[in-house]
Each structure stands twice: as structure tokens, then as C-alpha cells.
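> This is a predicted model, with the sequence first.
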Number of protein chains: 2
Amino acid sequence: MKKLDETEIIKKFQTALGNKQFVAEDVESFCIGNTQIIVKVDTLVESTDIPPQMSLKDAARKSIVASVSDFASKGVKPEFGIISVNLPSKISAKEVSEIALGVKSASKEFGLKILGGDTNQGKELVFHVCLFGSAKKIPKRKGAKPGDLIFASGPFGLTGAGLQILLKKIKAKDGFAKAAIKSVLRPSPRLKFGLKASSYFTSSMDSSDGLSATLNEMARQSKCKFVVENIPFKKGVEQFAKSYKKSFDSLVFHTGEEYEIVFTVPAKYKSKINSIAKTTKTPILEIGKVIKGTGVFVQKDKLVKLKDLGYHHFK
Amino acid sequence: MKKLDETEIIKKFQTALGNKQFVAEDVESFCIGNTQIIVKVDTLVESTDIPPQMSLKDAARKSIVASVSDFASKGVKPEFGIISVNLPSKISAKEVSEIALGVKSASKEFGLKILGGDTNQGKELVFHVCLFGSAKKIPKRKGAKPGDLIFASGPFGLTGAGLQILLKKIKAKDGFAKAAIKSVLRPSPRLKFGLKASSYFTSSMDSSDGLSATLNEMARQSKCKFVVENIPFKKGVEQFAKSYKKSFDSLVFHTGEEYEIVFTVPAKYKSKINSIAKTTKTPILEIGKVIKGTGVFVQKDKLVKLKDLGYHHFK
């Protein structure tokens, strides 16, 4: 039996469905009359996505955060949600209540109305979240133009460190460890910033598959070259990498689940973007520029190619 | 640890989300501007929903059929779909192709446009289907009035027999066994009939949780008494029950997955409904009447209460 990776699996579906022109996006959309409905469906699976230290409440919340972050990157307010849960048959009343509280907490936090859902019995806990909203126009992953500036809505590396601390039981400095663990257990998507800033984006994407995957996908779809001049890393990550002999690049570029928005804007909107960031208290970072060409490069002593080593299932 | 059944689990979610007025429906709906969007989310789980004899192609198709049937019962055309699949890591290229073909086959059969989806790694195969359409008004589970006639869009009992034949390896008569197995592996929802007839329904519900569950839910929500005068069973089911010492009532009333529409109409629309059934080649059956009172009863020598013993998860 030949084993497949995620890209090959998706290609098989596209071929069967005749979607040869298929372009991957953060959200799906369809029109009913003149209304464009925006939908995001995402799945959180116990065995692959939930660290053992994560409470059921936080797991339920995070299953919603993941889709909210996709809406944030496209500047769309998620208005309605449907939550389906596969529960192992041994689940207790207390555990179900914890999950329900996590859903409640997230719906309040993001102003979502939960329409309903269904519960199924399964071998492991699976959260399946559908969020809905509407928009006239959304920025795509493609659309970046030479001359545009590249921004990230926040720094990277903290979730990579957090996962190492949680899964490999590394003891890091208290303050840093706390922030790193929080970034894994209770991540915050940049919804407020996305809603206000998205009309200036020439391209955008949620970074949750990893910064390298995100930048490469945007550059590929935009048919431009992305040059990273300022690596957007969280203070303390470099020291953490050194102290525990972890790869700095892996932590910053290839971890995923940061739930930041990576976006490009024409240089003339720089001050506008900075002002929205200030109002919404978003720690945005200008990380580089778009130029003619292809691929993603990091400006070190010379330009170094940044490969897409982000998170992909089935690898 | 206290174990919960599905009703208790759903109640826990409703309490947490403050949906005290929550009314269960076949589909969810929300309005964006003046447009009412109809959504159905459904999950097919390998360990509980897929008999070992079912091909992956048929399993993928059936995951879509289940939601199409809910749309059919509400008279709404499903227009768009998003399919997410959890795949075990050992899945082969051939198996992925089979699944993709099942999705393709169903999308063609029901005129659905598949917008996209996602693939996740999981311990078992899980299909998660979201279908979308729109409607000005849909019939609800509540709404039946005394004097209405009760119909089913087709007979019951065949899937119950089919499951027994497949899972308990009973050898039944060739023709009957073939039809019974087909009803399990390749069920046909009544979409054409539902689309044409639903404007006459005072109440309706997809029967896939079982006829007894469906009738009880409709009677409960409508605050009326449902009396079944003609049990809607498929020819051969009575004989099958006798020959293999199976309960006729279990087969007909309490199995589920028949994907029939149970609906009520004012008596004056009887000929209209019969004419739509003829045009769409739907073997509808007038099964009883709605009267004042509560509960569901079957007219035998006397009225016998029909309990809700349909399919519920976690039981």
C-alpha cells in the first residue's frame, strides 16, 4: 500500500471532483443571491491536536479559535457556529460539562451565536467546528504585489517553545514558560485587528500551519518573491533555543498554531496599518517586502531560501 | 463517573449555552440580511456507522445522503457542500481514491457543488459533511394540527432486515436480501419529492433516527396525538421477521437510517400530495392521522402506545 501525504490526498479529491482550478484559501465562500457567505470548517482531533495538559474546556475553546483565526485573517466577523463533537463512550458528565463550558466561553469571547450541532460516539474526542459570516469582498492568499510590505500580526516562536515545554517536560524560565504554555493552551486570534485592517490587505493568510508554510503559500499564489528582513520572533525564544539546544528556525518558522495574520499591504498604507494596530493593541511587526521573482528568502549575510517546513498532516 | 445518554449530553450543551428555548430541528438556519441560509452538519463514524461490508465509496456517498435527506424533509435544495475527512495514518492511495469517488458520485447525484474541505489524521475514518442551501420558509417538526393526515415517503423495515443480514450473516430470500442490503449500502433520499411537496407539509421530519423516534418527536413538538392506522412496512419484512425470529416492530419502528420523510398535511391536500408522489415516483403511504391529545399510538385491536425506541447515541 502506497502511503500519501496531505497534499497528495487533497490532489486525489480535487482530481475526482474535477476541481482542477482549485485554489486553497483560509475560508470557503459561496453566493446565495447577492449575499456572499463565508464558511470555515475545522477539526480538532484528540490524538494529534490536543496536548495531554490541555483541559477539555481549553480544547473546546481552541477548536473554535482555529476557525476564528481564519475569519480574522480575511477580515470577516464570524457570526454563527455549529459544533459537532465525537465523544468516547466512557466520557463522564463532568467532562461533557467542561467541554460545553469551553464552547460557551469561546462563543462569548468572539460574539458567536451557536446554532446547534450534533454529538456522536467515536473512538476519540473530535471537535468539528463550522463558522459562518458574510462579506462583500475578502483578501485572498494571492494578490501581493512587488513593492508591498509584509507584516505579521504578532511574533512567532512562543508556541513552539510551549509545545516543547509541555510535551518534552523542559523546565524554562518562569515568565517565559508561562507565556509559552499559555500560547499553546489559550491562543488569542487577532480578530479585532483583522476586522479593521483587512480592507488594506493585498493578500493575507492565517499562520496556523507555520510561518514558513504561510509565507511560501502566499508567495506561490501571488507569483512574487517574499523577502523576510526582520524575523518576527518573541523575546526569549532565541535564548530558549540556545539553552535547550532547539533549532531557532524550527521554533519560529516551522511550528504552527500561532494564529497570527500574515499580510501584505501597499507601502502607502503603512501608517494606517500601524494606527489600527495601536488602537487594537496588536503587536504587529513589519517583517519584509514583496519583490519580483519567486520563493521566500530570509535576509541574513546573504539571501537564504526559506523552505516550506510547516505543519502538514500525514507526514 | 456518571455515564450520559445523548439527550443528557445535548441538555448539558444547551444549559451551558443558555439555549433554554432550544428546539431540535433536522437542519439549522440563520439569516444574513434577508437571506435565510439552511445548513446541515452530519458525521459518519467508522466504528459506529459503517458496516464492514460497506465499500469506502458507498460510505463516502452515505455520509452525504444523510444530510441530503434532512434537506429533502424540509424541501430545500442542498446547493453547496464542504466535506472533511479524518483518515487513519495507514490509509492507502487506492482507498483515498475510493473515498473521493464516493464524494464525486454523490455530488453528481444530488447536484451539489463541493466547495472544499479538509483532511485530518485520526484513529478512525470519520466523514464530516456540511451542506448549504437557502429557503424562504421551511416546514418544522412542530406544526401538525388535529385533522391532518400523516404520510411516510416510503415503507420501513428493509434497512433493519438489511443490517441483520449484513451484521448477523442471515441468509434471506435472494430478491428480498438484495433489496434489504441495497437499502443499507446505497440508500436513496427523497429529494425530488421533498422539493415539490414540502409547501403542503404542516410538519415534517427525516426518519433516519427510526420511525418511532420520528413520530414521537413530531407529536411532542406539535402537541398533538399521532395515530398510526396503516403500518408502513415493506413487503417481505413480516415474513423475514417470522422466519428469523426477529421483532417486526423493531425492524419497522426502531431501526433508523431509512431516509424517508415523515410528514403531515391537511386532508384537503391529499390528492395534491398523491399527484406529486406519482410524478416523482415516490411510494408514499398514508399511515394515519393527527388528533387532539399527546403521544403516538398504533391502531391494533385497540390503540397501543408506540414508545420512542429509535436510534440514540450513547445507549
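Noted; the coordinates are in hand.
> chain center to stretch A:108-116: distance?
20 Å (CA atoms, centre = their mean, to the nearest Å).
> List the buried residues for that stretch?
A:110, A:112, A:114-116 (16 or more other CB atoms under 10 Å in any protein chain shown). (Glycine included, C-beta is placed from N, CA and C.)
> again, but for stretch A:30-44
Residues of stretch A:30-44 classed as buried: A:30, A:32, A:35-44 (neighbour count, 16+ other CB under 10 Å).
> circling back: looking at the buried residues of stretch A:108-116, which gets the smallest pLDDT?
For the buried residues of stretch A:108-116, the weakest pLDDT value sits at A:G116, with 85.
> I figured it hits B:E28, correct?
Yes. A:G116 lies in contact with B:E28 (CB atoms under 8 Å); the separation is 5.0 Å.
> Identify the contacts common to the two.
A:I82 (CB atoms under 8 Å, 6 or more residues apart in numbering or on different chains).
> thinking again about what came up before, I'd like the buried residues of stretch A:30-44 written out as a markdown table, with distance to B:K292 and pLDDT added.
Shown next, in a markdown table, are the buried residues of stretch A:30-44 (distance: CB to CB, whole Å; pLDDT from 0 to 100):
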| residue | distance to B:K292 | pLDDT |
| --- | --- | --- |
| A:F30 | 44 | 93 |
| A:I32 | 40 | 89 |
| A:T35 | 42 | 89 |
| A:Q36 | 47 | 94 |
| A:I37 | 42 | 96 |
| A:I38 | 46 | 97 |
| A:V39 | 43 | 96 |
| A:K40 | 47 | 95 |
| A:V41 | 44 | 92 |
| A:D42 | 47 | 90 |
| A:T43 | 47 | 90 |
| A:L44 | 48 | 90 |
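> Please list which of the residues you listed also come close to chain B.
Applying CB under 8 Å from any CB of the partner chain to the buried residues of stretch A:30-44, one finds that A:30, A:32, A:35, A:37, A:39, A:41-43 fall near chain B.
> What is the most widely separated pair among the buried residues of stretch A:108-116?
The span of these, defined through CB to CB, is set by A:F110 and A:G116 at 17.3 Å.
> circling back to that earlier point, with respect to B:S73, which of the ones next to chain B among the buried residues of stretch A:30-44 is nearest?
Lowest distance from B:S73 to these (CB to CB) belongs to A:I32, with 20.2 Å.
> number of nearby residues for the closest residue to the closest one other than its chain neighbours?
Sequence neighbours aside, B:S134 is the residue nearest to A:I32 in space, at 4.4 Å (criterion: CB to CB, 6 or more residues apart in numbering or on different chains). By the criterion of other CB atoms under 10 Å in any protein chain shown, B:S134 has 19 neighbours.
> who are the neighbours in contact with B:S134?
Applying CB under 8 Å, 6+ apart, we find B:S134 in contact with A:32-33, B:35-38, B:76, B:79.
> tally of neighbours for the closest residue to A:A16 other than its chain neighbours?
Spatial nearest neighbour of A:A16, excluding adjacent residues (CB to CB, 6+ apart): B:A100 at 3.5 Å. Burial of B:A100 is recorded as 24 neighbouring residues (other CB under 10 Å).
> Over to A:P189?
Neighbour tally, A:P189, other CB under 10 Å: 27.
> Okay, and which of the buried residues of stretch A:30-44 map to strands?
Secondary structure from DSSP state E places A:30, A:32, A:35-44 of those in strands.
> State the helix or strand in which the nearest residue to A:F253 once chain neighbours are set aside lies.
Of all residues not flanking A:F253 in the chain, A:S212 sits nearest, at 4.1 Å (CB to CB, 6+ apart). Assigned by DSSP states H and E, A:S212 belongs to helix A:211-222.
> Just list what that helix packs against, helices and strands only.
strand A:203-206, strand A:225-228, helix A:248-253, strand A:261-265, strand A:295-299 (3 or more CB pairs under 8 Å, 6 or more residues apart in numbering or on different chains; DSSP states H and E).
> who does the first one pair up with?
Strand A:203-206 pairs in its sheet with strand A:261-265 (antiparallel), by DSSP bridges.
> Centre of the chain to the strand it pairs with, how far?
Distance of strand A:261-265 from the chain centroid (CA atoms, centre = their mean) equals 13 Å.
> what helices or strands is the next helix or strand after it leaning on?
Next helix or strand after strand A:261-265 toward the C-terminus (DSSP H and E): helix A:270-279. Helices and strands touching helix A:270-279, by 3+ CB pairs under 8 Å, 6+ apart, are helix A:191-197.
> Can you name the residues in contact with the helix it packs on?
Contacts for helix A:191-197 (CB under 8 Å, 6+ apart): A:68-69, A:71-77, A:110, A:153, A:204, A:261, A:263, A:273, A:276-277, A:279-280, A:282, A:284.
> go on, stretch A:295-313?
So stretch A:295-313 is contacted by A:5-7, A:48, A:209-217, A:219, A:225-229, A:231, A:250, A:253-257, A:288, B:119-121 (CB under 8 Å, 6+ apart).
> got the CA coordinates for it in CSV?
The C-alpha atoms that make up stretch A:295-313 are tabulated as CSV, following Å, rounded to 0.1, in the frame of the first residue of the first chain:
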residue,chain,number,x,y,z
GLY,A,295,10.1,31.9,-3.5
VAL,A,296,10.7,33.1,0.1
PHE,A,297,14.0,34.2,1.3
VAL,A,298,15.4,35.4,4.6
GLN,A,299,17.9,38.3,4.5
LYS,A,300,20.9,37.1,6.5
ASP,A,301,24.5,37.9,5.3
LYS,A,302,23.0,36.9,2.0
LEU,A,303,19.5,35.8,1.0
VAL,A,304,18.8,32.3,2.3
LYS,A,305,15.9,30.3,0.8
LEU,A,306,13.1,29.6,3.4
LYS,A,307,11.6,26.2,2.7
ASP,A,308,8.0,25.3,3.5
LEU,A,309,8.5,23.1,6.5
GLY,A,310,5.3,24.0,8.3
TYR,A,311,2.8,21.6,9.6
HIS,A,312,1.3,19.1,7.3
HIS,A,313,-0.8,16.1,8.2
